[in-house]
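**Q** pasting a predicted model and its sequence here:
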Amino acid sequence: QVQLQESGSGLVKPSPTLSLTCTVSGGSITTLYYYWSWIRQPPGKGLEWMGAIAYDGTTYYSPSLKSHTSISRDPSKNQFSLQLSSVTPEDTAVYYCNARPLLGSEYWGQGTQVTVSS
(Lines give C-alpha, C1' and ligand atoms only; values in the text may rest on other atoms or scores of the structure.)
Protein backbone atom coordinates (compact mmCIF):
# COMPACT_ATOMS: atom_id res chain seq x y z
CA GLN A 1 0.00 0.00 0.00
CA VAL A 2 1.28 3.42 -0.93
CA GLN A 3 2.07 5.72 1.97
CA LEU A 4 2.85 9.43 1.73
CA GLN A 5 4.43 11.75 4.27
CA GLU A 6 4.65 15.51 3.91
CA SER A 7 7.50 17.49 5.39
CA GLY A 8 8.49 21.13 5.32
CA SER A 9 7.61 24.51 6.67
CA GLY A 10 5.32 25.08 9.65
CA LEU A 11 5.11 28.70 10.78
CA VAL A 12 6.76 30.97 8.25
CA LYS A 13 6.92 34.67 7.46
CA PRO A 14 5.87 36.04 4.09
CA SER A 15 8.78 35.14 1.86
CA PRO A 16 9.87 34.63 -1.71
CA THR A 17 9.59 30.86 -1.58
CA LEU A 18 8.22 27.98 0.45
CA SER A 19 9.07 24.32 -0.12
CA LEU A 20 7.34 21.14 0.91
CA THR A 21 8.39 17.57 0.21
CA CYS A 22 6.37 14.38 0.01
CA THR A 23 8.20 11.13 0.70
CA VAL A 24 6.57 8.05 -0.80
CA SER A 25 6.86 4.48 0.44
CA GLY A 26 5.20 1.27 -0.64
CA GLY A 27 5.38 2.30 -4.28
CA SER A 28 7.47 4.19 -6.78
CA ILE A 29 6.70 7.66 -8.11
CA THR A 30 7.64 6.33 -11.55
CA THR A 31 4.97 3.61 -11.48
CA LEU A 32 3.01 3.76 -14.70
CA TYR A 33 -0.15 5.83 -14.71
CA TYR A 34 0.23 7.26 -11.21
CA TYR A 35 -0.25 10.99 -10.66
CA TRP A 36 1.24 12.72 -7.63
CA SER A 37 -0.55 15.84 -6.49
CA TRP A 38 -0.40 18.66 -4.02
CA ILE A 39 -3.72 19.73 -2.54
CA ARG A 40 -4.35 22.31 0.14
CA GLN A 41 -7.17 23.33 2.41
CA PRO A 42 -7.21 26.89 3.75
CA PRO A 43 -8.94 27.49 7.09
CA GLY A 44 -12.71 27.27 6.71
CA LYS A 45 -12.52 26.45 3.00
CA GLY A 46 -12.63 23.40 0.79
CA LEU A 47 -9.86 21.41 -0.80
CA GLU A 48 -7.91 23.12 -3.56
CA TRP A 49 -5.97 21.08 -6.09
CA MET A 50 -2.71 22.88 -6.81
CA GLY A 51 -0.98 20.68 -9.33
CA ALA A 52 0.52 17.28 -10.05
CA ILE A 53 3.50 15.50 -11.49
CA ALA A 54 2.89 12.35 -13.45
CA TYR A 55 4.76 9.04 -13.46
CA ASP A 56 6.71 10.25 -16.52
CA GLY A 57 7.60 13.64 -15.01
CA THR A 58 4.95 15.67 -16.83
CA THR A 59 3.60 18.48 -14.66
CA TYR A 60 0.08 19.88 -14.47
CA TYR A 61 -0.98 23.01 -12.62
CA SER A 62 -4.15 24.72 -11.53
CA PRO A 63 -4.56 27.71 -13.86
CA SER A 64 -5.14 30.01 -10.91
CA LEU A 65 -1.89 28.96 -9.22
CA LYS A 66 0.35 28.21 -12.18
CA SER A 67 2.45 31.36 -11.89
CA HIS A 68 2.89 30.78 -8.16
CA THR A 69 3.62 27.03 -8.08
CA SER A 70 6.24 24.55 -9.19
CA ILE A 71 6.30 20.79 -8.67
CA SER A 72 9.39 18.64 -9.09
CA ARG A 73 10.51 15.16 -8.20
CA ASP A 74 13.55 13.14 -7.20
CA PRO A 75 13.05 9.52 -8.24
CA SER A 76 16.29 8.48 -6.51
CA LYS A 77 14.70 9.49 -3.19
CA ASN A 78 11.15 8.59 -4.20
CA GLN A 79 10.06 12.13 -3.36
CA PHE A 80 8.19 14.92 -5.03
CA SER A 81 8.18 18.54 -3.95
CA LEU A 82 6.13 21.71 -4.06
CA GLN A 83 7.65 25.15 -4.35
CA LEU A 84 5.46 28.20 -3.80
CA SER A 85 6.72 31.64 -4.74
CA SER A 86 5.76 35.01 -3.26
CA VAL A 87 4.24 33.42 -0.19
CA THR A 88 1.62 35.49 1.67
CA PRO A 89 -0.81 34.83 4.56
CA GLU A 90 -3.33 33.71 1.93
CA ASP A 91 -1.18 30.60 1.48
CA THR A 92 -1.94 29.51 5.04
CA ALA A 93 -3.46 26.03 4.77
CA VAL A 94 -3.06 22.37 5.48
CA TYR A 95 -1.06 20.95 2.59
CA TYR A 96 -1.60 17.37 1.49
CA CYS A 97 0.20 15.17 -0.98
CA ASN A 98 -1.87 12.66 -2.87
CA ALA A 99 -1.31 9.68 -5.12
CA ARG A 100 -3.92 8.77 -7.69
CA PRO A 101 -3.61 5.99 -10.25
CA LEU A 102 -5.47 6.22 -13.53
CA LEU A 103 -7.64 3.38 -12.22
CA GLY A 104 -8.03 2.43 -8.59
CA SER A 105 -7.91 3.99 -5.15
CA GLU A 106 -6.09 7.13 -4.25
CA TYR A 107 -3.84 7.67 -1.26
CA TRP A 108 -3.32 10.69 0.97
CA GLY A 109 -0.65 11.96 3.28
CA GLN A 110 -1.70 13.08 6.74
CA GLY A 111 -1.20 16.74 5.83
CA THR A 112 1.10 19.41 7.13
CA GLN A 113 0.00 22.76 8.51
CA VAL A 114 1.64 25.80 6.96
CA THR A 115 0.94 29.14 8.61
CA VAL A 116 2.21 32.30 6.97
CA SER A 117 2.31 35.23 9.32
CA SER A 118 4.50 38.24 9.84
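**A** Happy to help now that I have it.

**Q** going forward, measure contacts between C-alpha atoms and count neighbours the same way
**A** Noted.

**Q** let me see the contact set for the residue nearest the centre of the chain.
**A** The centroid of the chain falls nearest to residue 38 when counting by C-alpha atoms, centre = their mean (2.6 Å). With contact taken as C-alpha atoms under 8 Å, 6 or more residues apart in numbering, residue 38 is in contact with 49, 50, 51, 52, 82, 95, 96, 97, 98.

**Q** try 10 Å
**A** By C-alpha atoms under 10 Å, 6 or more residues apart in numbering, the contact set of residue 38 is 6, 20-22, 48-53, 61, 71, 80-82, 95-99, 108-109.

**Q** go on, residue 63?
**A** 50, 51.

**Q** can you give me the buried ones in stretch 78-91?
**A** Applying a neighbour-count criterion of 16 or more other C-alpha atoms under 10 Å, one finds 79, 80, 81, 82, 84, 85, 87, 88, 91 buried in stretch 78-91.

**Q** okay, strands next: where are they in the protein?
**A** Counting by DSSP state E, the chain has strands at residues 3-8, 11-12, 15-25, 34-41, 48-54, 59-61, 69-74, 79-87, 93-101, 107-108, 112-116.

**Q** for residue 88, see how far away residue 80 is.
**A** 23 Å (C-alpha to C-alpha, to the nearest Å).

**Q** next: residue 30.
**A** According to C-alpha to C-alpha, residue 30 stands 33 Å off from residue 88.

**Q** again, but for residue 73
**A** 24 Å.

**Q** so which residues make contact with the worst-scoring helix or strand of the chain on mean pLDDT?
**A** When the helices and strands of the chain are scored by mean pLDDT, DSSP states H and E, strand 11-12 comes last with a mean of 80. By C-alpha under 10 Å, 6+ apart, the surrounding residues in contact with strand 11-12 are 18, 87, 88, 89, 92, 113, 114, 115, 116, 117, 118.
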